[in-house]
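In: Here is a sequence together with a model predicted from it:
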Amino acid sequence: MKIAAMAAGAVGGYFGARMAAAGHDVFFIARGAHRAAIEKNGLKVESVHGDLHLRNVNVTDDPTKVGPVDIVLFAVKLWDTEKAAEQARPLIGPHSRLITLQNGVDSVERIAPILGADQTVGGIAAIATVIDTPGVIKHTSSFAMMRFGRADKRADATLQAFADAGKAAKIDVAIADDIERERWQKFIFLTAMAGATSALRSSIGPIVADPELRAFFRQLMQEAFAIGKAKGVALDPGYIESRMDFVLNKVEPGMKASMAHDLERGNRLELDWLAGKVREFGSALGIPTPASDTIYTVLKLHRLGTPR
């Protein structure tokens, strides 16, 4: 398949690299020092699932040089959504599918008016990765999963072909039975993980080891869960308990959300689309969000990054 990873950061770069290693025609959209390093030295992935070093990489900062592809793995930061979607126009043909792998819960609604409802597909990625140095992606979790699908649940030959290709590449990938539920359940967990590990300046292990902080983490999930239910999303009633078991018994204690890594590096934060979005929805629906309010207040002055 012909695939574009836009952008070829920690998430798009990881999955794009796995597909390229399996023999697919992958184009990595990157810029700045990361693009220059990939162009010079290739793309490296350091992972518990096996390291990769792709030496001859199709990398560019200009989507017009790529043209229409079968699949766009769309994994830009949330503040860049509309701008990046406009830039992605040359990648989109009548049979192309852009799969959103972003952290928020409203990406499809923001992108579809730009690129078309038929071409825009909701998706999620569950993975812990960072750009360790330009040209090097470090995978820090044992899990690396993608799910995607249409909100109306109709069959899609392009998506099915990509799912089959991903499985053949030994990626944990599938078409979701209910992508809206999947998107919201990721949002519920991620807004808690990002908020807690960023505001508390800690990996998840010490947070959930402390009874008071563990309760705070749970409350962050409960607030987002209540909003999803109020919006009519068919959430799993046992989801919060399953996530608590996950962080207590299955997640590496040193894991942090990407927003915590961004905070440490002085980068811009996705705060307004995570805890900020919970606050926005809560205000509109009359649902109190005190834990999310706390996260937003603590991080507000850092959300645009640290001037260099």
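Out: Thanks, I have the structure now.
In: Grab the nearest non-local neighbour of residue 305.
Out: residue 268 (4.2 Å; CB to CB, 6 or more residues apart in numbering). No exception for glycine: its C-beta is placed from N, CA and C like everyone else's.
In: would you list every one of the helices in the stretch 1-150 of the chain?
Out: Counting by DSSP state H, counting those that start in this stretch, one finds helices in the stretch 1-150 of the chain at the ranges 10-21, 32-41, 81-87, 107-115.
In: what's the burial count for the residue nearest to residue 305?
Out: 18 (other CB atoms under 10 Å).
In: Doesn't it belong to a helix?
Out: No. Counting by DSSP: H, G, I helix; E, B strand; the rest coil, residue 268 falls outside a helix, being coil.
In: For it, which residues are in contact?
Out: 77, 79, 262, 303, 304, 305 (CB atoms under 8 Å, 6 or more residues apart in numbering).
In: returning to what we had before: among the helices of the stretch 1-150 of the chain, show me which one is buried the most.
Out: helix 10-21 (a mean of 25; mean count of other CB atoms under 10 Å).
In: where along the stretch 1-150 of the chain do the strands fall?
Out: With DSSP state E, counting those that start in this stretch, the ranges of strands along the stretch 1-150 of the chain come out as 2-6, 25-29, 43-46, 52-54, 58-60, 71-74, 97-100, 120-133, 136-149.
In: Tabulate the ones you listed (TSV), appending distance to residue 190, mean pLDDT and mean neighbour count.
Out: As requested, the strands of the stretch 1-150 of the chain are exported to TSV (distance: least, CB to CB, whole Å; pLDDT from 0 to 100; neighbours: other CB atoms under 10 Å):
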stretch	distance to residue 190	mean pLDDT	mean neighbour count
strand 2-6	20	98	26
strand 25-29	23	98	25
strand 43-46	22	98	22
strand 52-54	26	97	17
strand 58-60	28	98	20
strand 71-74	17	98	29
strand 97-100	14	98	26
strand 120-133	9	95	21
strand 136-149	13	94	20
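In: Relative to residue 195, which of the ones you listed is closest?
Out: Residue 195 lies closest to strand 120-133 among the strands of the stretch 1-150 of the chain, at 16.0 Å (CB to CB).
In: how about low-confidence regions in this protein?
Out: 308 (pLDDT under 70).
In: can I see the domain layout of it?
Out: Listed by automatic domain parsing, the domain ranges of the chain are 2-177, 181-302.
In: Could you report the neighbour count for residue 245?
Out: Neighbour tally, residue 245, other CB under 10 Å: 12.
In: what secondary structure does it sit in?
Out: Relying on three-state DSSP, one would call residue 245 helix.
In: ok, residue 61 to residue 83 distance?
Out: 13 Å (CB to CB, to the nearest Å).
In: Ok, residue 107 next?
Out: Plainly put, residue 107 is 13 Å away from residue 83 if you go by CB to CB.
In: What of residue 67?
Out: From residue 67 to residue 83 the distance is 20 Å (CB to CB).
In: same check, this time on residue 289
Out: 29 Å.
In: can you tell me which residues contact the most centrally placed residue in the chain?
Out: Centroid-nearest residue in the chain: residue 102, 3.6 Å away (criterion: CA atoms, centre = their mean). Neighbouring residues of residue 102 by CB under 8 Å, 6+ apart: 74, 75, 76, 77, 78, 81.
In: picking that back up, just send the strands of the stretch 1-150 of the chain back as a markdown table, with distance to residue 182 too.
Out: Below are the strands of the stretch 1-150 of the chain laid out as a markdown table (distance: least, CB to CB, whole Å):
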| stretch | distance to residue 182 |
| --- | --- |
| strand 2-6 | 21 |
| strand 25-29 | 24 |
| strand 43-46 | 25 |
| strand 52-54 | 27 |
| strand 58-60 | 30 |
| strand 71-74 | 16 |
| strand 97-100 | 12 |
| strand 120-133 | 5 |
| strand 136-149 | 5 |
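In: out of those strands, nearest to residue 187?
Out: strand 120-133 (8.8 Å).
In: now the closest one and helix 10-21, what's the angle there?
Out: 100 degrees (axes from the mean of the first three to the mean of the last three CA atoms, to 10 degrees).
In: which other helices and strands contact strand 120-133?
Out: Counting contacts by 3 or more CB pairs under 8 Å, 6 or more residues apart in numbering; DSSP states H and E, strand 120-133 is packed against helix 10-21, strand 97-100, helix 107-115, strand 136-149, helix 179-199, helix 258-264.
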